[in-house]
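>>> give me coordinates for this.
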Amino acid sequence: MASKNASIEVQDKTRQAIGAGFLLEKNAEYRSKRIKELGNKIGKKEGSLEGYHQEKVVVNGVEGWRGWTTNEFETLNIKDIEKLSKVKGISNYNITTATTAVNPVNFKRIEDEEVDQNADVGGVSLIGNLDMKFDRNVLSNNLYIKEGRMISSKDKDMCVISEELANKNNLKIGDKISFNDYHDKEDSKVSEAKIVGIYQVNQKMSPLMQGDTYRSENVIFTDLNFPEKAEGETSPLFERAYFKVKNVDEYNEVRSSLQNMDINWEMYDLIDNNGNSKTMSSNFNDLAKISEIMIMLISIASFIILVLVFLFWIKNRVKEIGILMSLGVPKFRIISQIWIEAVMIAILSLGLSFIVSPNVSNVTANYLVSQQVQQMKDEENENEGKVSTEYVAPKQDVQEVSVTVTPRMYLVDGLGVIGLITAAVFASSGVILRRNPKDILSEMS
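Purely as a prediction, here's the structure:
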């Protein structure tokens, strides 16, 4: 029972955020469907429509088609976000841009000198927020401000840089750093941002792509609209929106209200974002189901063992039982005597089990969770490469398994043991007590 209700702390490296809130992201299946629809509308010719572009290419003399999308196609709809932010029960919201690679103009990035940088774009990455205090790295308590402040919704052309980047370039609060499009480092327009904060992280942020451009120290947080400006784009690329629930007790009601809003929900995934702490083990794959099966198997095995024990016990006391029955002692009283003796032993054994149960439960829960993790890894390895999809499952690492043995569990366990003993006593006693005293005594003689 303790394993079934274990608290499993899972760190979700893709959606690191805690608190009562919801994440809004683009649905990958809808994206693929929309690309196909726009491609059919354009037809067998070069053209562009709603942020989707296609052109004819010739490879080794063979004609084919190349398609790509721009920010206009990929971004979340700002009107839908603002509509959802006005739902009753939402106290605040944030919009976060996609990680945007840009070229650092007047400062140097952090680089691994021993790694060949030819395959890397040679830049840094920008993440824009409407309100940085709701960024997933801040909500997860991984990122904190060492100097200055975070980006707010009122800021324009402002940024927060890592302590490592500041130290490498002798940068301080109030300094300005410049960026431009890494595709055209010489001639593209340069955009400038003022440093308002310097941050540090407890754990390095996981890069979404390989290369020093995306390494944790080279991530720069900006106001919402700066990344598109630095990249030289004409439209933003809003990757996710976070909606904070004012009262956690109204969480389910707020979710229903959000889902009832008149927007095209086929476009989006609304993700329950209760945080990176899963409080019920049933949310962790099949752990609850396994625990229930264990309880059932243990109960059945215990019943069988107890019946066999009591059969042996009663067989050794058959003379005593035969004499009592011949003296007219009721069968129920004889059964009650056996039951009382069994319960007295059970109380002693229950007391001993209650003492060791917290440690045993913790070991059991950790073992079951480790088996679940291994099973999921084995399944991922088996299915790797079988399905082609754009969806990347969030990487979840189990940080801690906490087990609490509650008074209710002690009570249920005690009553369960007494119930098993009662059933076993009656089942085993029937073999002897259904016979009459004369047959019992004659066998003895």
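>>> CA atoms for contacts and neighbours, from now on please.
Noted.
>>> quick one: contacts for P207?
Contacts for P207 were tallied using CA atoms under 8 Å, 6 or more residues apart in numbering; they are 214-216.
>>> try K88
The contact partners of K88, taken as CA under 8 Å, 6+ apart, are 254, 257.
>>> can you list the contacts of P207 in JSON lines and add neighbour count and pLDDT?
As requested, the contacts of P207 are arranged in JSON lines below (neighbours: other CA atoms under 10 Å; pLDDT from 0 to 100):
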{"residue": "Y214", "neighbour count": "25", "pLDDT": "90"}
{"residue": "R215", "neighbour count": "20", "pLDDT": "91"}
{"residue": "S216", "neighbour count": "20", "pLDDT": "91"}
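>>> in TSV, list these along with distance to I95 and secondary structure.
Below are these laid out as TSV (distance: CA to CA, whole Å; DSSP: H, G, I helix; E, B strand; the rest coil):
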residue	distance to I95	secondary structure
Y214	20	helix
R215	22	coil
S216	20	helix
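>>> relative to A365, which of those is nearest.
When the contacts of P207 are ranked by distance to A365 (CA to CA), S216 comes first, at 34.1 Å.
>>> now the closest one. Nearest residue, chain neighbours left out?
Of all residues beyond its chain neighbours, the one nearest S216 is M205 (5.0 Å), with distances taken as CA to CA, 6 or more residues apart in numbering.
>>> the one you found: how many residues sit nearby?
Per other CA atoms under 10 Å, the neighbour tally for M205 reads 18.
>>> next one: K41
When neighbours are counted by other CA under 10 Å, K41 registers 12.
>>> sort out which residues of the helix or strand where L84 lies are buried, please.
Using DSSP states H and E, the secondary-structure element containing L84 is helix 78-85. Applying a neighbour-count criterion of 16 or more other CA atoms under 10 Å, the buried positions in helix 78-85 are 81, 84-85.
>>> ok, back up a step: list the contacts of the residue nearest to S216.
Per CA under 8 Å, 6+ apart, neighbours of M205: 137, 215-216.
>>> same check, this time on I304
A424 are the contacts of I304 under CA under 8 Å, 6+ apart.
>>> phi first, then psi, for it.
The phi/psi pair for I304 (degrees, to the nearest 10) reads phi -60, psi -50.
>>> next up, identify which helix or strand V57 is on.
strand 52-59.
>>> can you list the strands that that strand pairs with?
Strand 52-59 pairs in its sheet with strand 47-49 (antiparallel), strand 62-69 (antiparallel), by DSSP bridges.
>>> ok so, going back, quick one: which of the buried residues of helix 78-85 is nearest S191?
Distances from those to S191 were compared by CA to CA; the smallest belongs to I81, at 27.1 Å.
>>> quick one: the closest one from V62, how far?
Computed with CA to CA, to the nearest Å, the distance linking I81 and V62 is 44 Å.
>>> kindly report the same for F243.
Using CA to CA, we find F243 at a distance of 49 Å from V62.
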